[in-house]
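Participant: structure, please.
(2 chains)
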Amino acid sequence: EAQVTQNPRYLITVTGKKLTVTCSQNMNHEYMSWYRQDPGLGLRQIYYSMNVEVTDKGDVPEGYKVSRKEKRNFPLILESPSPNQTSLYFCASSSPGAPLHFGNGTRLTVT
Amino acid sequence: QKEVEQDPGPLSVPEGAIVSLNCTYSNSAFQYFMWYRQYSRKGPELLMYTYSSGNKEDGRFTAQVDKSSKYISLFIRDSQPSDSATYLCAMSAIRGKLIFGQGTELSVKP
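Facilitator: Predicted coordinates:
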């Protein structure tokens, strides 16, 4: 089954404790992206990647890092999480010019 | 002004009603228009995908794009409780970044 898989689905952590949210897709998509979704603000792009070893900032990249060492994986790294990064995070992938396929989300709470 | 404006609702309708969801936008370079449906605790899933102006129909769903007015709509006929979800419009220019509306929360009451 074609899918984008994120882990974990739920995560509660404390301020400053480094964490990684994994994202994997099995559709051989070149393009991958991370979004955060907040009430009243909709989906905002954090980082995206056009292909392996090619990443770029989205609209809200501060406090986040990404890497794209393999085509299928695009982890999101929070080196020192803060409470304002409490949010619902989505990974997405697509072929060039095609609509995005989304994962089922990671709900992160930073206390 | 946001590039894409969408009324967040919530919108509550009785089962069987016709639902109209709308987005306006300001960037005349947008060429690709999408509607995503998002159920609670799930990721958005693509519902409709159109290029440039015109209508597209898929079962009970019709997407309309009016580029002259910078306005897109999604119509749901004979709405069902299973249509209860948040609907997000999204659009992009050729090779451009996808821009999302805020999403409209729809509830269809039996």
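Participant: tell me which helix or strand the closest residue to chain A within chain B sits in.
Facilitator: Of all residues in chain B, residue B:43 sits closest to chain A, at 3.4 Å by CB to the nearest CB. Backbone N, C-alpha and C define where each C-beta goes, glycine included. Following DSSP states H and E, there is no helix or strand that holds residue B:43.
Participant: distance of it from residue A:57?
Facilitator: Using CB to CB, to the nearest Å, residue B:43 is found at 22 Å from residue A:57.
Participant: neighbour count winner among these two?
Facilitator: Using other CB atoms under 10 Å in any protein chain shown as the criterion, residue B:43 and residue A:57 rank with residue B:43 on top: 22 against 13.
Participant: that one contacts residue A:106, correct?
Facilitator: No: using CB atoms under 8 Å, residue B:43 makes no contact with residue A:106, being 10.1 Å away.
Participant: residue A:70 - how many residues pack around it?
Facilitator: Per other CB under 10 Å, the neighbour tally for residue A:70 reads 10.
Participant: and the spatially closest residue to it that is not a sequence neighbour, what does it touch?
Facilitator: Nearest residue to residue A:70, sequence neighbours excluded (CB to CB, 6 or more residues apart in numbering or on different chains): residue A:52, at 6.7 Å. By CB atoms under 8 Å, 6 or more residues apart in numbering or on different chains, residue A:52 lies in contact with A:68, A:69, A:70, A:71.
Participant: measure how buried the second one is and give me the count.
Facilitator: A count of nearby residues for residue A:69, using other CB under 10 Å, gives 9.
Participant: for it, what are its contacts?
Facilitator: Counting by CB under 8 Å, 6+ apart, residue A:69 touches A:52, A:53.
Participant: same thing but 6 Å
Facilitator: Contact analysis of residue A:69 by CB atoms under 6 Å, 6 or more residues apart in numbering or on different chains lists nothing.
Participant: the first one now?
Facilitator: Contacts for residue A:68 (CB under 6 Å, 6+ apart) come out as A:49, A:52, A:55, A:74.
Participant: model confidence score at the one residue in chain A that gets nearest to chain B, please.
Facilitator: At 3.4 Å from chain B, residue A:102 is the closest residue in chain A, using CB to the nearest CB. On the pLDDT scale, residue A:102 is placed at 96.
Participant: how much space separates it from residue B:15?
Facilitator: Applying CB to CB, the value for residue A:102 to residue B:15 is 28 Å.
Participant: with neighbour numbers in mind, choose between the two.
Facilitator: Using other CB under 10 Å as the criterion, residue A:102 and residue B:15 rank with residue A:102 on top: 24 against 13.
Participant: separation between the more buried one and residue A:42?
Facilitator: Counting by CB to CB - residue A:102 and residue A:42 are separated by 14 Å.
Participant: over to residue A:84?
Facilitator: 17 Å.
Participant: does residue B:55 touch residue B:64 like I think?
Facilitator: Yes: taking CB atoms under 6 Å as the definition, residue B:55 is a contact partner of residue B:64 at 5.1 Å.
Participant: partners of the residue nearest the centre of chain A in the sheet?
Facilitator: Nearest to the mean C-alpha position of chain A, by CA atoms, centre = their mean, lies residue A:34 at 3.2 Å. For residue A:34, the beta-bridge partners are residue A:47, residue A:91 (DSSP bridges).
Participant: what about it, distance to residue B:31?
Facilitator: Distance of residue A:34 to residue B:31, computed by CB to CB: 24 Å.
Participant: so what's the closest residue to residue B:26 other than its chain neighbours up against?
Facilitator: Spatial nearest neighbour of residue B:26, chain neighbours left out: residue B:3 (5.6 Å); criterion: CB to CB, 6+ apart. For residue B:3, the contacting residues are B:26, B:27, B:99, by CB under 6 Å, 6+ apart.
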